[in-house]
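Student: here's a sequence, model it:
(3 chains)
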Amino acid sequence: MEIVMCFVIGFLFMAAVYLMLSKSLLRIIIGTGLLSHGAHLLILTMGGLDGSSPPVVSPGVTDYADPLPQALILTAIVISFGVTAFFLVLAYRSYQELGTDNMNLMRGTEDDD
Amino acid sequence: MKTNDVILQTTTKLIFFIIILFSIHIFFAGHYAPGGGFVGGLLTASGIVLLLLAYDIKTVSTALPINYTVMTAIGLLVALATAAGSIIFNVPFFTHAFDYFDLPLLGKQSLHTAMLFDTGVYLVVVGVTMTIIQSIGADD
Amino acid sequence: MSFVYFIFIPMIVALVIPFLYKKVSGIHTGWFVLVVPVVLFGLYTTLLPMVQKGEAHSSSFDWIPSLDISFISYIDGLSLLFSLLITGIGSLVVLYSIFYLDKTREQLHNFYVYLLLFMTAMLGVVQSDHLISLYFFWELTSISSFLLIGYWYKRDRSRFGALKSMMITVFGGLMMLGGFVLLSIMGDTYSIRELIALAPELANHKWFVWSLVLVLLGAFTKSAQFPFYIWLPDAMEAPTPVSAYLHSATMVKAGLYLVARFTPLYASSEYWIWLVTGIGLLTLFWGSFFALKQTDLKGILAFSTVSQLGLIMSLLGAGAISFHTGVEDNSIFKYAAFAAIFHLVNHATFKGCLFMIAGIIDHETGTRDIRKLGGLMSLMPITFTIALIGSFSMAGLPPFNGFLSKEMFLTGMRSISEFDLFAFDTWGILFPIIAWIASVFTFVYSFYFVFRTFTGKHKPELLPKQAHEAPIGMLISPAILGSLVVAIFFIPNIIGDALVKPAVMAIQPFLYTSTSDIKIHVSAWHGLTPELWMTVGIIVLGYLLYLTLSKWQPLYSKFPEGFSLNRLYDCLMFLSEVGTNRLSRLYMSGYMRSYLVYMFTGIILLTISTVFIQNAFDMSFAMISPIRFYELIIALVLVAGTVTILLAKSRLTSIIALGAVGYTVALFFVIFNAPDLALTQLVIETVSVALFLLAFYHLPKLNRHENRMKFRLGNALVAFGVGVTVTIVALSAHSQKLVPSISSYYEETVYTEAGGGNIVNVILVDYRGFDTLFEIAVLAIASLGIIGMIKLRLTTKKEVNRNEN
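Tutor: Residues are numbered from 1 along each chain as shown, chains lettered A, B, ... in the order given. Okay, here's the model as predicted:
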């Protein structure tokens, strides 16, 4: 299953990068969302998918799933939610102010700084 | 923007409390079973979001007059204070302690300083989620 | 007492200066500042008896102990002389500035903060025994000098001059740092004293000459030697107290200090002697010759400073020759270092005095253009008297201190032609000739400076202001310096014993073991020596040249402007600016997509090449969990959801598809025994979709904008590359377990140590609580950012409309 997962993750990353390179703001945000899904699954797969029971101590169980990647992912999920929300607001506020969602038009000018 | 949705509002009244109760259960169970501050906080927040969807922002904010930014700040302070509190007992920053107590009604239970820290996390997560949702919802 | 802390006193006082300026507006801020150099001067004089015995004071404190970097204050004769100059002249300059700078119109707090910063830097330079801290203070002088030159930052010339001085001196500083690094590698120590003790071994090292040249580049740029002197005339845009302090008496002498300090280390090398003496002499001539081209009073003084610095530099080089002749040899070389230090002191007095005079003239007449000035003698008699004293000393006339050191200089240069090492016997004859010619020009510009200003016809119609005598407060400082000029002529040996000889000990330790060994007696009358006849020649020829000045001065304009060093600097600056602009425009396109493409391409190339160079790719089918049917289904759903997003034509479709992808990820978490993750992911996904729907109203329509196939193909290529890279990394990471997972530790201790059952949660709140603490902090910041973006709008709707019009 790990091998299959590796390819699924690769596909997720590919789609995410493709979306992030596009010119539309919304697609970029969706791309970052996909990218974080891919990263979470990547971390999980790297740690191995072979644990036979959840990492919760219970009598008689020795073969737990690796808890460390899970802890990392849990942190990452919540953070990515915060980041996505931030992006979302950033995107629609700049759309409101600038009147476009085309990244190519959001270049700034020489005397902007 | 909101239509008067009777079915949604009626079920929400019931489900909201179930969600909140469940989230509190999840939060307290966190140390021994799946759950914890993050999930608990998110569940609570999603319960309030449900209220927001069923009613409008004004109604919800009169029913639950909570300033969520202050809530975030309190959460951060609680977490930091728990971590820093260990310094008073002359042990390194972030050392947790636990012990078992016999409590009335509940019987023998373990009490953790880690639980206090998790409370901080819970408050921050609820505070942040609701701040974001409310700000976006209130934006015209 | 630990003198190392005194270095930082000015800097610490600088912290409270802005408050004093704001709160105590009735009193000129300078009065508070004045206390600092005066007190420090007093403190340093207490060390005089100690260094006269040939001893030194050493104190230190650690700065970066792990890198072996510390502040070491080592005060021997040389350091003490400089420290006294810095604080002494500093006191007079601050006093002068109180009357020069108007307290209502000038930004006094800026000025004095920079000045105090400079004082700390300079004290640090002359007292540090540690190469790195020496470099640190060295660059601090460059920076504070930059700030002071650009003090009137609204003037173009000020900014230009500040940048130029910074460019050149920082360039030299970096070269010097290179030299220091080589030295510390060769000697395996940062201490200058220890390096000097190692000098005989270092001299044979292959990097010895490299370090020598690099250190000299630092000294030459700082001390405005040819061809780096070009920054000094432009630095004259600084307020005159600054010019008097930094650009004549102290900072430009840091280079001389460095040469003097390193003489015991490098004296054995012929490159050192040739470079220091030769460049010094060339600078002496060049500066004195071009001083006569100037029409700005401060310009004349700037070129004169350049030339005088060259004079001292060449004397230091001659002092190094004594390393080869030895103490028994009765040649003059062993006096050269004495003459250098003696002239350094004299120059600080008469040049500081003349700069202040130039400032007074500027202040009271409104111009420094010598063509507009004239006949001020009767209007400003006191100023004239002081100026006369300073100029005559500069010209080398008795009874002023300049005469004494000028005589010693001529003696030194004359005897170089008799030195028989390093081909000096063939070329050495040039030295006295050049020295003599340069002295003639020195005489001429000294007269030019004082008599063109004070005698001749008064031209009130050309002056912006009605000329009158300066207020008494402004005259105090130049008067003190002027009286020193005269006093030193009559008591040269007291100064010599107290200040100069201990300093010479530090420059020529190979000659003397105690200060009493230095048997030098300065006297004004040596009998009818060749030096005296040379002086007479200088006076006669110089006076003739001065009288005919108006006839030959126009010749200067015949020099082609296009080949000057200034033009070279301008061209270099212009080219580098245009070049780097062009270079950055090549890749800084302003499109976010370009930057993302750079990053992703970088990631692909770095990762793939590492994988192949390290031969890290591996695909093992061991330790693999079986593929179950429903897992495959979920994977297919995930892929289908992703494809839907890619192809979606409306916003709603893509948002819902994103939600679907999120839920399938949650299902994966369920399957792979991660209940916490599954719970969190489910709730987060729900809240996220709600979030997207809430913001839906504000979001733009899904518009792809991309119409060209090439654009999409390029994106697809990069995306495909990233996908492949990640797959390779994932496969390799999974297939090779080089170290056992640390999770087993958590599994074993979670109940006994942390008293918990849910390992994931215990990791979050206990084992790795720090991560979580910072994570919730990040979340809080993100929410504050969102509030900021939505609630705090800088522009109202109306303003936006106006901007659009």
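
Student: who's in contact with the residue lying closest to residue C:435 once chain neighbours are set aside?
Tutor: Nearest non-adjacent residue to residue C:435, counting by C-beta to C-beta, 6 or more residues apart in numbering or on different chains: residue C:413, 4.0 Å away. From N, CA and C alone the C-beta is placed, and that goes for glycine too. Neighbouring residues of residue C:413 by C-beta atoms under 8 Å, 6 or more residues apart in numbering or on different chains: C:281, C:314, C:318, C:431, C:432, C:435.

Student: and the helix or strand where residue B:81 lies, how far from the chain's centre?
Tutor: With elements taken from DSSP states H and E, the one containing residue B:81 is helix B:68-88. Counting by C-alpha atoms, centre = their mean, to the nearest Å, helix B:68-88 is centred 14 Å from the centre of its parent chain.

Student: just checking, what packs against it?
Tutor: Contacts of helix B:68-88 with other secondary structure elements, assessed using 3 or more C-beta pairs under 8 Å, 6 or more residues apart in numbering or on different chains; DSSP states H and E, are made with helix B:113-138, helix C:769-791.

Student: pick the most deeply packed of the ones you listed.
Tutor: For the helices and strands packed on helix B:68-88, average neighbour numbers computed from mean count of other C-beta atoms under 10 Å in any protein chain shown are highest in helix B:113-138, which has a mean of 25.

Student: and the angle from that helix to helix B:68-88?
Tutor: Comparing the axes of helix B:113-138 and helix B:68-88 via axes from the mean of the first three to the mean of the last three C-alpha atoms, to 10 degrees yields an angle of 160 degrees.

Student: and chain A, is helix B:113-138 touching that?
Tutor: Yes. Counting by C-beta under 8 Å from any C-beta of the partner chain, chain A has neighbours in helix B:113-138: B:125, B:128, B:129, B:132, B:135, B:136.

Student: ok, now how distant is whichever residue of the stretch 401-550 of chain C sits closest to chain B from residue C:106?
Tutor: Nearest to chain B in the stretch 401-550 of chain C, going by C-beta to the nearest C-beta, is residue C:506, at a distance of 50.5 Å. When distance is defined by C-beta to C-beta, to the nearest Å, residue C:506 is 39 Å away from residue C:106.

Student: who has more neighbours, those two?
Tutor: Per other C-beta atoms under 10 Å in any protein chain shown, whichever of residue C:506 and residue C:106 has more neighbours is residue C:506, with 24 against 16.

Student: count the residues that sit near residue C:307.
Tutor: By other C-beta under 10 Å, the residues close to residue C:307 number 26.

Student: leaving out chain neighbours, which residue sits closest to it?
Tutor: With C-beta to C-beta, 6+ apart as the criterion, residue C:307 has its nearest non-adjacent residue at 2.9 Å, and that residue is residue C:287.

Student: so that neighbour versus residue C:541, what's the distance?
Tutor: Applying C-beta to C-beta, one obtains 19 Å for the distance of residue C:287 from residue C:541.

Student: between the two, which one's more packed in?
Tutor: For the pair residue C:287 and residue C:541, the greater number of neighbours falls to residue C:287 (29 against 17), based on other C-beta under 10 Å.

Student: summarise which helices and strands whichever strand or helix holds that one is packed against.
Tutor: When elements are defined using DSSP H and E, residue C:287 is found to belong to helix C:270-291. In this structure, helix C:270-291 makes packing contacts with helix C:208-222, helix C:253-266, helix C:297-325, helix C:430-454, judged by 3+ C-beta pairs under 8 Å, 6+ apart.

Student: what about the ones you listed, which gets the closest to residue C:648?
Tutor: Of all the helices and strands packed on helix C:270-291, helix C:208-222 sits nearest to residue C:648, with 63.4 Å by C-beta to C-beta.

Student: could I get the average pLDDT for the helix or strand just after that closest one?
Tutor: The element immediately downstream of helix C:208-222 (helix or strand, assigned by DSSP H and E) is helix C:231-234. Mean pLDDT, computed over helix C:231-234, is 89.

Student: so which bits of helix C:231-234 are buried?
Tutor: Of all the residues in helix C:231-234, those buried under the rule 16 or more other C-beta atoms under 10 Å in any protein chain shown are C:231, C:232, C:233, C:234.

Student: and the residue nearest to residue C:475 when sequence neighbours are not counted, how far from residue C:115?
Tutor: Setting aside the residues directly before and after it, residue C:475 is nearest to residue C:382 in space (C-beta to C-beta, 6+ apart), at 5.7 Å. The spacing between residue C:382 and residue C:115, counted by C-beta to C-beta, is 26 Å.

Student: so if I had to pick from these two, which one is more boxed in?
Tutor: For residue C:382 versus residue C:115, the count of surrounding residues by other C-beta under 10 Å is larger for residue C:115: 29 against 15.

Student: pick out the residue in chain B sitting closest to chain A.
Tutor: Among residues of chain B, the one nearest chain A by C-beta to the nearest C-beta turns out to be residue B:132. It sits 4.6 Å away.

Student: quick check, residue C:71 in a strand?
Tutor: Yes. Membership of residue C:71 in a strand is supported by DSSP: H, G, I helix; E, B strand; the rest coil.

Student: what's the neighbour count on it?
Tutor: A total of 23 residues lie near residue C:71 under the criterion other C-beta under 10 Å.

Student: beta partners for it?
Tutor: Listed beta-bridge partners, residue C:71: residue C:61 (assigned using DSSP bridges).

Student: could the helices and strands packed on helix B:68-88 go into a markdown table alongside mean pLDDT?
Tutor: A markdown table is the format used below for these (pLDDT from 0 to 100):
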| stretch | mean pLDDT |
| --- | --- |
| helix B:113-138 | 87 |
| helix C:769-791 | 88 |
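
Student: would CSV of these with distance to residue A:48 be doable?
Tutor: CSV is the format used below for those (distance: least, C-beta to C-beta, whole Å):
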stretch, distance to residue A:48
helix B:113-138, 27
helix C:769-791, 22
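
Student: state the helix or strand in which the residue nearest to residue C:435 lies.
Tutor: Mapping residue C:413 onto the secondary structure by DSSP H and E places it in helix C:401-416.

Student: only C-alpha atoms, please: export that helix in PDB.
Tutor: Listed next in PDB are the C-alpha coordinates belonging to helix C:401-416 (Å, rounded to 0.1, in the frame of the first residue of the first chain):
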ATOM      1  CA  ASN C 401      55.800  73.200  16.200                       C
ATOM      2  CA  GLY C 402      55.500  72.400  12.500                       C
ATOM      3  CA  PHE C 403      59.100  73.700  12.000                       C
ATOM      4  CA  LEU C 404      60.500  71.100  14.400                       C
ATOM      5  CA  SER C 405      58.900  68.100  12.900                       C
ATOM      6  CA  LYS C 406      59.500  69.400   9.300                       C
ATOM      7  CA  GLU C 407      63.200  69.500  10.000                       C
ATOM      8  CA  MET C 408      63.200  66.000  11.400                       C
ATOM      9  CA  PHE C 409      61.200  64.800   8.300                       C
ATOM     10  CA  LEU C 410      63.800  66.300   5.900                       C
ATOM     11  CA  THR C 411      66.600  64.700   7.900                       C
ATOM     12  CA  GLY C 412      64.800  61.300   7.600                       C
ATOM     13  CA  MET C 413      64.200  61.600   3.900                       C
ATOM     14  CA  ARG C 414      67.700  62.800   3.200                       C
ATOM     15  CA  SER C 415      69.200  59.700   4.900                       C
ATOM     16  CA  ILE C 416      67.000  57.300   3.000                       C
END
